[in-house]
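Trainee: Here's a sequence, model it:
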Amino acid sequence: YAIVADAIVDDCQVYFYRGTLYNIPADANAPPPFTCVTSGRYIGVFSGEDYVPLVKGFTNTVYFNVKSLEVGERALRNAIEQSDI
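Mentor: Numbers count the residues shown, from 1 in each chain. Below is the predicted model:
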């Protein structure tokens, strides 16, 4: 439970895929822009500027803009499958 609780970002739901926990906004209608973070304090797809504190100050962060939550989740899962997390 502690591992899952530590992985959750405010206003997000946490998902588990192939042994990796990641975040998606709890609001399915979250407004763009969307950013996919595959390396940082937390990983997932985030809305607006929510991702900034998750990557700022961390080395080797990887994040990029995506068109939608669905596209971001697909990119994140692909990164997990390729061990690019």
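Trainee: Just want to check the distance between the residue nearest the centre of the chain and Asn23.
Mentor: Centroid-nearest residue in the chain: Gly44, 0.9 Å away (criterion: Cα atoms, centre = their mean). Here Gly44 is placed at a distance of 3 Å from Asn23 (Cβ to Cβ, to the nearest Å). Where you see a C-beta, it was placed from the backbone N, CA and C, and this is true even at glycine.
Trainee: Common neighbours of those two, please.
Mentor: Residues touching both Gly44 and Asn23 (Cβ atoms under 8 Å, 6 or more residues apart in numbering): Val9, Cys12.
Trainee: Helices along this structure, start to end?
Mentor: Assigned by DSSP state H, the helices in the chain fall at 2-7, 52-55, 69-81.
Trainee: Pretty sure Leu69 sits against Asn29.
Mentor: No. At 9.5 Å, Leu69 does not count as touching Asn29 under the criterion of Cβ atoms under 8 Å.
Trainee: Those two - which one has more neighbours?
Mentor: The neighbour comparison of Leu69 against Asn29 (other Cβ atoms under 10 Å) goes to Leu69, with 21 against 7.
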